[in-house]
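**Student:** 3D, please:
(one chain, ligands or ions: 1)
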Amino acid sequence: MELTDMYIQMGIDKKVIDFGREIEDSLADRFAAIDATAEYNQMKVIGAMQKNRVSDVHFSGTTGYGYNDLGRETLEKVYADVFHTEDALVRPQIVCGTHALYTALAGNLRPGDELLSPVGKPYDTLEEVIGIRPSNGSLREYGITYRQVELLPDGSFDYEGIRSAVNERTKLVTIQRSKGYATRPTLSVKQIGELIAFIKSVKPDVICMVDNCYGEFVERIEPSDVGADMVVGSLIKNPGGGLAPIGGYIAGTKKCIENAAYRLGSPGLGREVGASLGVNQSFFQGLFLAPSVVAGALKGAVFAANVYEKLGFSVVPGGSEERHDIIQAVTFGSPDGVIAFCQGIQAAAPVDSFVTPEPWDMPGYDSPVIMAAGAFVQGSSIELSADGPIKPPYSVFFQGGLTWYHAKLGVLMSLEKLREAGIAKL
Ligand SMILES: *Cc1c(COP(=O)(O)O)cnc(C)c1O
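**Tutor:** Here you go, the predicted model:
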């Protein structure tokens, strides 16, 4: 059977297949550049594993207190070398990205300190961590205040606003690399470096932390290469490579990591405890795969941007724009477009392809939300996934794909559903 027949058998119309092929052919240079970055980052990861003499003894886990967990300690050294930091904390006890960020913040801030975001509002879940929205146990309840400086209308940094926001209580600056589900542009690592240099020129001893979620391995350098004191992320996103079943990481200076470890565990215990159970091998192997998994996800995002841009829908980033994270937004302008897109992503999944996602009133959201995910790891968004709030301008956010081929099938299937609904015309 020809490849085209395989796609037809999967339920994709010939017109969609041909249109997709035309777009794919036009992206050869983009894909080659993505592959070159993946190759660079693959060497970075293998080099760090070799330097730390990773061996199969590191794949067995500990139980109970987890003292002397050689695998855990070696993995943390590997992460520190990949991110070029003094130290790292990489643990299954970190339950998700929000928890990693909370641990980094709460471990390094004390009552009376102030936290500053110079890039506008942080990711939704951070609002409750910080106490922007009143929340049980927030940093605010512990006497840590918060200030934020908006980006300028063109998306650039408000340097004068930042200079006047920094004061004697400013202890930590949080910089979110990815736009997440906001409309601002994602920051490049170079831009983050410029921002950190400016902040350190105003107040040299301030701690600069970067929320690195969705950004790892998209570029050849990470924010820790341009002055960040801490980079923080989730292992069910980029660096887990799709294999990590749970977890988060914090990489940074010795002092910052020590402070975070005492918060994750308890005062007096710190990083010496925390059994790795059976996850060490998945963490190592996931990190090993991460550069090429991220490349597949990036190709999927670039492909989606070009497919939908060509059909006249508004896409962020644009089809030919440079990428700094793996998220793609597409605006359909109608609830039906958002629903058809998400149903296509679901129908292309290896897991739960037979279920039909519907919008629902999710707690914490001000409108119904539809989510598509057919993942091996619950909630994993390095796996192909999409979600969209059912409210104007009716945009979906699409990310992940453990392989380029799956991401491509997802985009083609989404287009097939939009074609069947008469929303996309080919
Ligand atoms: C995903 C994400 C988070 C939170 O991670 P969870 O694992 O969902 O808790 C924080 N910041 C950004 C930018 C993210 O993309």
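**Student:** Number of residues surrounding Thr125?
**Tutor:** 15 (other Cβ atoms under 10 Å). Heads up, the C-betas are built off the backbone N, CA and C, glycines and all.
**Student:** begin at 536 from here
**Tutor:** New numbering, starting at 536: the last item is Thr660.
**Student:** what distance separates the helix or strand hosting it from the centre of its chain?
**Tutor:** Element membership of Thr660, judged by DSSP states H and E, is helix 659-665. Put simply, helix 659-665 sits 16 Å off its chain's centre (Cα atoms, centre = their mean, to the nearest Å).
**Student:** name the helices or strands packed onto that helix?
**Tutor:** Secondary-structure packing of helix 659-665 (3 or more Cβ pairs under 8 Å, 6 or more residues apart in numbering; DSSP states H and E): helix 632-643.
**Student:** so after the helix it packs on, what's the next helix or strand?
**Tutor:** Once helix 632-643 ends, the next helix or strand along the chain (criterion: DSSP H and E) is strand 649-652.
**Student:** Run the contact check for that following strand versus the ligand.
**Tutor:** No. Figure legend: strand 649-652 not in contact with the ligand (Cβ under 6 Å from any ligand atom); closest approach 11.9 Å.
**Student:** helices or strands up against that strand?
**Tutor:** Looks like strand 649-652 contacts strand 680-683, strand 705-711 (3+ Cβ pairs under 8 Å, 6+ apart).
**Student:** CSV for those strands, including mean neighbour count and distance to the ligand?
**Tutor:** Converted to CSV, the helices and strands packed on strand 649-652 look like this (neighbours: other Cβ atoms under 10 Å; distance: least, Cβ to the nearest ligand atom, whole Å):
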stretch, mean neighbour count, distance to the ligand
strand 680-683, 17, 15
strand 705-711, 23, 5
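**Student:** Make TSV from the ones you listed and add mean pLDDT and distance to Val741 to it.
**Tutor:** Below are these laid out as TSV (pLDDT from 0 to 100; distance: least, Cβ to Cβ, whole Å):
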stretch	mean pLDDT	distance to Val741
strand 680-683	98	12
strand 705-711	98	6
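**Student:** Same list, those strands, but as JSON lines with distance to Leu804 please.
**Tutor:** Shown next, in JSON lines, are the helices and strands packed on strand 649-652 (distance: least, Cβ to Cβ, whole Å):
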{"stretch": "strand 680-683", "distance to Leu804": "28"}
{"stretch": "strand 705-711", "distance to Leu804": "23"}
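**Student:** just to revisit the earlier point, residues contacting the helix holding Thr660, please?
**Tutor:** Residues outside helix 659-665 that contact it (Cβ atoms under 8 Å, 6 or more residues apart in numbering) are 633, 636-637, 640, 650, 656-657, 667-668, 670, 673-675, 681, 709, 715-716, 746, 899.
**Student:** Now do the SS call for Leu610.
**Tutor:** helix (DSSP: H, G, I helix; E, B strand; the rest coil).
**Student:** Pull the contacting residues for it.
**Tutor:** By Cβ under 8 Å, 6+ apart, the residues touching Leu610 are His593, Val625, Asn815, Phe818, Phe819, Leu822.
**Student:** For the fifth one, give its distance to the ligand.
**Tutor:** With the distance defined as Cβ to the nearest ligand atom, to the nearest Å, Phe819 ends up 20 Å from the ligand.
**Student:** Could you find the closest non-adjacent residue to the closest residue to the ligand within the chain?
**Tutor:** Distances between the chain and the ligand by Cβ to the nearest ligand atom are smallest at Gly632, namely 2.4 Å. For Gly632, ignoring the flanking residues on the chain, the nearest one in space by Cβ to Cβ, 6 or more residues apart in numbering is Ser769 at 3.4 Å.
**Student:** Show me what the one you found is bridged to.
**Tutor:** Beta bridges link Ser769 to Gly783 when assigned by DSSP bridges.
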